[in-house]
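1. just a sequence and a predicted model for now, questions to come.
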Amino acid sequence: MRFGVLGPLAVWADDGEPVRVPELKVRALLADLLVHEGRPVPADRLADDLWGEDLPGNPANTLQTKISQLRRVVGRDLVRHTPAGYILPAGDVDALAFARLLTRARAEPDPRTRAALLSDALSLWRGPAYADFRDEEFARTAAARLDEQRLTALEEHAEVRLSLGEHTRLADELSEPVAEHPLRERLRAVHLRALYRSGRQTEALAGYTALRERLDSELGVDPGPELVNLYQAILRQDPSLAPAPAPSTSAARPRTNLPTPLTPLIGRETALTHLHTLLSPTRVPAPTEPMTGAGVFGGGARLVTLTGPGGVGKTRLALAAAAGEDAWLVELAGLRTQDVATVAEVVADVLDVRDEALARPGAAALPERLADALRTRELLLVLDNCEHLVEPVAELVSLLLGSAPGLRVLVTSQEPLAIPGEAVYPVEPLDTADALSLFAARAGVTLDVGATVWAEAICRRLDGLPLALELAAARVRALGVQGVAEHLDDRFALLSGTARGLPARQRTLRAVIDWSWEQLTPTQREGLTALAVHPGGCTLEAAGIGADLVDQLVNRSMVIAEPPRYRLLESIAAYCLERLAPDDPLFARRDTYYTGLAERARPHLYGHAQREWLARLDEETPNLRAVDTGDRLAWYLYLRGRHTEAHRLTRGTAWEPGFAMLLGLPYPEVEGARAGWFTAHAYLHLGDVAKAGPVLERVLADFRVAGDRWGEAAALMGRAKLAIFQGEFARAERSGVESLEIFTELGDQWGRLQASDQLGYLAEIGGDYDRAASLHREGLRIAEDLRLWTDVSYRLSSLGRVALLTGELERSREFHARGMRMAAEQSNRFAEEFARVGLGLAARRSGDLDEAERLFLASLEWNRRLEADYGVPFYGVTLILAELGFVAESRGAAVLARERHEEGLRAARALGDPRSVALALEGLAGVAILEGAPSRALELLDEAADLRESVGAPLPPAERGDVDRIRKAASH
């Protein structure tokens, strides 16, 4: 038995089912005993607390009656009488669990673990402590104490999250608690810091002013010294207010999206054992072992399909089998297509695989890219409700399993996929004993001998189908067990001929849903169908129904409540949809709501509310896919890397050319400032600086004339990137700083990420490695916060570059390896290439020439394929050829070294990049030493130095290793 006081008084049975405590005085008695946390409470004290001055005629007897009533609910042994009074032992109470978590959190040295413990503690709260008795004298002190502990925990949680770089999220999240508790200085301080670090200095200063004025008017005091010092630091923009380096730069991605079961699974122990045996891998490959060939999962099945009629519990069993795994649930019930690419889009979206790899003509389609992204991952993919998509799901699963040896797939469907290697597991209805247990648990009753007879009849009549049993159990409160059994007899007699074409168990389920439907009022039926048209579940606002109505449907087991969202089981949703005509106004209302939501979201994706609206649209993705949103979600889809989907939705709009270009498809001409910028952004993504430059200058002028600050910042960011390509570093710095300032002012985190990336690279070029690392760490935090996993890969590799330049070779390898794994998970070969080059640089610096050559040859092959596809040289080629030349020089292979460096020189001159030309000349200087021409080597080094000076980018000390080595050899 568990008790809850962190909110309205609540009691739960050991299986998690809520237990009703009848009668207000009995609830008050329970609350009073819980307040004392296991200490004895004298009878007269309890009577005084319950009735005050209005005592009943015989207080002792009346109290004893209430004690007896409470014992019937919680168990006789739980409420004990001692000479000192009545005791309810302090056992499983949420307030005590809260205290234990706080104690653990405060003793925990690791900030991420501490934040998780505090989050767990705060999640126990369901409202104000003792919410329904907090005004009673016996509960007032305890409620106030707990509320204070909650606020302190909230402040501690905010402070540790701030230290972890979550300032952007906190700046918004803390607004409500600050408004509720305007005089708490500690809470206000962390909010001001979060606002300042999020670029919202004006709001931070206004928050301090509001507090100062309120303290003066209400208490006649000034803010404390800590807040005063913080205010002054904000005014002078003290560097100490900048975010501290994160304790860890690991990309914190979730391991699963499986929902937490609301009720325990009953009667499936044997099935679970069989499924675990089928799905368990017998051997896990080592991290360095290629994941190819058979035998990795030799003892089990990599594809298991749970089959059975609707309502038999396939989904619930699949979720239980997948629990505790690196498992991902893909719900396909609401998808209406036979297109394998669209099914792949849904799977990729759930797995956070972004459709944004560097495009080239003839690039792989999304299903193949998804398969490529999974090739090194080990996970369990749960594809739910596939019976209407058997062909496309079978095609996709075959492709994925053939490409990803570490992948296992668990399917629920009313029919098998019928592909090689599939293990079909029929899910049978419950036997009588398990069906009885489920029925009693869901009805919330204890079955005596008489009730058991009737319950057994119900279970037989319903063929042991779990959904049918749950729907029938929901009627017990109104009809009793016998009444439900009798009504079922009537129901089946009535419906015996109405569903003649269905299998027997399907007729059973249909009969029970019919019966449940007929018990609903017209308003309740309207509410149920209003929910059914939303394939991803929905909020009450989206469905257009009230909380009272949805509570009625939840109580009848017709609706699953996951506040603030509500959904129907697939069988019930399908039943409701059958009753709607294709032109039913509910569909039009749904479409209007979600197109309106997309329209409302559009401006918010460019500023302070960016993260909030990304998360909101992520949650509504299944519903948005059911609606034609046109180009309203183009920018959202870009930020989420869903380029194929975006291209399909934006055909004929100004967004089409950019997405077509990113996918390597033919594209039309484009007009308009933002559309023009997006096209230029795509040009830069592909490295086509000649086409990007004129477009950027034109749209920058247009943005400035129109007063479009976001567009101006975006164009400046593009100009900075372009200038880096062209070796104009002073111009790049000016444009990048201005872009970052505007994006910070607007609160646009994506923009800050892009601008800080350019500035971080410039800091590397200038040898300011502390600044470079700071910018890249901040970019990493933003990318993780926005779930931009490809950007996470780039930032990890960029931190690896900084570690390389500061001589931390092992740390550099670690960062680059993590960046490469993240890129591989996204099937983004360009990000993989960036990480691979970094690993090659680290290998050569550590003297491992064989590993360096292997990595650089793989990179050279990839870059040459790109050059062949596009007919233009890519900037990466010059660095790779130079590195291969230095490897050959180190081995004394003068001919090969000269070939590499001369090819690099030709590519650098074709690109017009002075730094790349200088690098090739420095390589040729090393060849000159091997050829016995030291004076020629010195000439080449001087020419290279002049070129670097001409663009204001002399080699910093950390990058002078080869030059100093060659100059020293030439001078002897």
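-> Okay, I see it. Numbering: from 1, shown residues only.
2. quick one, longest helix in this structure?
-> When the chain is parsed with DSSP state H, its longest helix is helix 137-163.
3. against which helices or strands is it packed?
-> helix 24-35, helix 94-107, helix 111-123, helix 167-173, helix 185-197 (3 or more CB pairs under 8 Å, 6 or more residues apart in numbering; DSSP states H and E). Backbone N, C-alpha and C define where each C-beta goes, glycine included.
4. looking at the ones you listed, which is closest to residue 523?
-> Shortest distance between residue 523 and these, using CB to CB, is found for helix 24-35: 29.5 Å.
5. quick one: that closest one to helix 94-107, angle?
-> Helix 24-35 and helix 94-107 meet at an angle of 30 degrees, taking axes from the mean of the first three to the mean of the last three CA atoms, to 10 degrees as the criterion.
6. mean confidence for helix 24-35?
-> For helix 24-35, the per-residue pLDDT values average out at 91.
7. please apply the same query to stretch 6-20.
-> For stretch 6-20, the mean pLDDT works out to 81.
8. end-to-end on it?
-> 17 Å (CA to CA, to the nearest Å).
9. circling back: just the helices and strands packed on helix 137-163: most buried one?
-> Highest mean neighbour count among the helices and strands packed on helix 137-163 (mean count of other CB atoms under 10 Å): helix 185-197, with a mean of 23.
10. now the element after it, going C-ward?
-> helix 201-218 (DSSP states H and E).
11. next, the buried residues of that following helix.
-> Residues 201, 203-205, 207-208, 211-212, 215 are the ones in helix 201-218 that count as buried (16 or more other CB atoms under 10 Å).
12. now for that helix, which elements pack on it?
-> helix 185-197, helix 225-235.
13. dump the longest one to CSV, keeping only the CA atoms.
-> Yep, that's helix 185-197 we're talking about. What follows is helix 185-197, C-alpha atoms only, in CSV (Å, rounded to 0.1, in the frame of the first residue of the first chain):
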residue,chain,number,x,y,z
GLU,A,185,15.6,35.9,-3.8
ARG,A,186,17.4,32.6,-4.5
LEU,A,187,14.8,31.6,-7.1
ARG,A,188,15.0,35.1,-8.6
ALA,A,189,18.8,35.0,-8.8
VAL,A,190,19.0,31.8,-10.8
HIS,A,191,16.3,33.1,-13.1
LEU,A,192,18.2,36.3,-13.7
ARG,A,193,21.4,34.3,-14.5
ALA,A,194,19.5,32.1,-16.9
LEU,A,195,18.0,35.1,-18.7
TYR,A,196,21.3,36.8,-19.0
ARG,A,197,23.1,33.7,-20.3
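14. enumerate every residue touching residue 755.
-> By CB atoms under 8 Å, 6 or more residues apart in numbering, residue 755 lies in contact with 713, 716-717, 720, 736, 739-740, 743.
15. with residue 479 instead?
-> Residues counted as contacts of residue 479 (CB under 8 Å, 6+ apart) are residue 487.
16. now it: which helix or strand?
-> Short version: residue 479 belongs to helix 476-495, going by DSSP H and E.
17. what's the mean pLDDT across whichever helix or strand comes after that helix?
-> As assigned by DSSP H and E, the chain's next helix or strand after helix 476-495 is helix 504-518. Here helix 504-518 scores 81 as its mean pLDDT.
18. from residue 40, how far out is the closest residue to residue 80 other than its chain neighbours?
-> In this structure, residue 80 finds its nearest non-sequential neighbour in residue 87, 4.9 Å apart by CB to CB, 6 or more residues apart in numbering. Note on residue 87: its distance to residue 40, by CB to CB, to the nearest Å, is 5 Å.
19. equivalent analysis for residue 473, please.
-> Using CB to CB, residue 473 is found at 39 Å from residue 40.
20. helices of the stretch 501-650 of the chain, start to end?
-> For the stretch 501-650 of the chain, the helices defined by DSSP state H, counting those that start in this stretch cover 504-518, 522-532, 540-543, 547-555, 570-578, 585-604, 610-619, 621-625, 634-639, 643-649.
21. go through the buried residues of helix 201-218 and name the one nearest residue 951.
-> Using CB to CB, residue 201 comes nearest to residue 951 of the buried residues of helix 201-218, at 34.6 Å.
22. hmm, the closest one is touching residue 234, no?
-> Yes: in this structure, residue 201 is within contact of residue 234 by CB atoms under 8 Å, at 6.3 Å.
23. quick one, what contacts the residue nearest to residue 80?
-> Residue 87 makes contact with 33, 38-41, 79-81, according to CB under 8 Å, 6+ apart.
24. mind redoing it with 10 Å?
-> Applying CB atoms under 10 Å, 6 or more residues apart in numbering, we find residue 87 in contact with 33, 36, 38-41, 78-81.
25. overlap in contacts, residue 201 and residue 234.
-> Common neighbours of residue 201 and residue 234 (CB under 10 Å, 6+ apart) are 192, 195, 241.
26. tell me the one among those nearest to residue 418.
-> Residue 418 lies nearest to residue 195 out of the shared contacts of residue 201 and residue 234, by CB to CB, at 57.9 Å.
27. so the longest helix of the chain versus helix 24-35, what angle?
-> 60 degrees.
28. from the middle of its chain, how far away would helix 137-163 be?
-> Put simply, helix 137-163 sits 28 Å off its chain's centre (CA atoms, centre = their mean, to the nearest Å).
29. do stretch 159-169 as well
-> Relative to its parent chain, stretch 159-169 has a centroid offset of 17 Å by CA atoms, centre = their mean.
30. can you give me the helices in the stretch 351-500 of the chain?
-> Counting by DSSP H, counting those that start in this stretch, the stretch 351-500 of the chain has helices at residues 366-373, 390-403, 432-443, 449-461, 466-473, 476-495.
31. between these, which one is nearest to residue 914?
-> Minimum separation from residue 914 across these (CB to CB) falls at helix 366-373, 36.6 Å.
32. remind me which residues of this structure are low pLDDT?
-> Per-residue confidence for the chain (pLDDT under 70) gives these ranges: 14-16, 90-91, 243-254, 281-299, 357-364, 491-506, 670-671, 869-875.
33. rerun at 50
-> 245-251, 282-299, 358-359, 494-500 (pLDDT under 50).
34. re the thing from before, now the helix holding residue 479 - C-alpha only, CSV.
-> What follows is helix 476-495, C-alpha atoms only, in CSV (Å, rounded to 0.1, in the frame of the first residue of the first chain):
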residue,chain,number,x,y,z
VAL,A,476,-18.8,-3.1,-12.5
ARG,A,477,-19.1,0.1,-10.4
ALA,A,478,-22.5,0.8,-11.9
LEU,A,479,-23.9,-2.7,-12.4
GLY,A,480,-22.0,-5.0,-10.1
VAL,A,481,-20.4,-8.2,-11.3
GLN,A,482,-23.7,-10.1,-11.7
GLY,A,483,-25.2,-7.1,-13.5
VAL,A,484,-22.4,-7.0,-16.0
ALA,A,485,-22.7,-10.8,-16.6
GLU,A,486,-26.5,-10.5,-17.2
HIS,A,487,-26.1,-7.5,-19.5
LEU,A,488,-23.5,-9.4,-21.5
ASP,A,489,-25.9,-12.3,-22.1
ASP,A,490,-28.5,-9.8,-23.4
ARG,A,491,-25.8,-8.1,-25.5
PHE,A,492,-24.6,-11.3,-27.3
ALA,A,493,-28.1,-12.5,-27.9
LEU,A,494,-28.9,-9.2,-29.5
LEU,A,495,-25.7,-9.0,-31.6
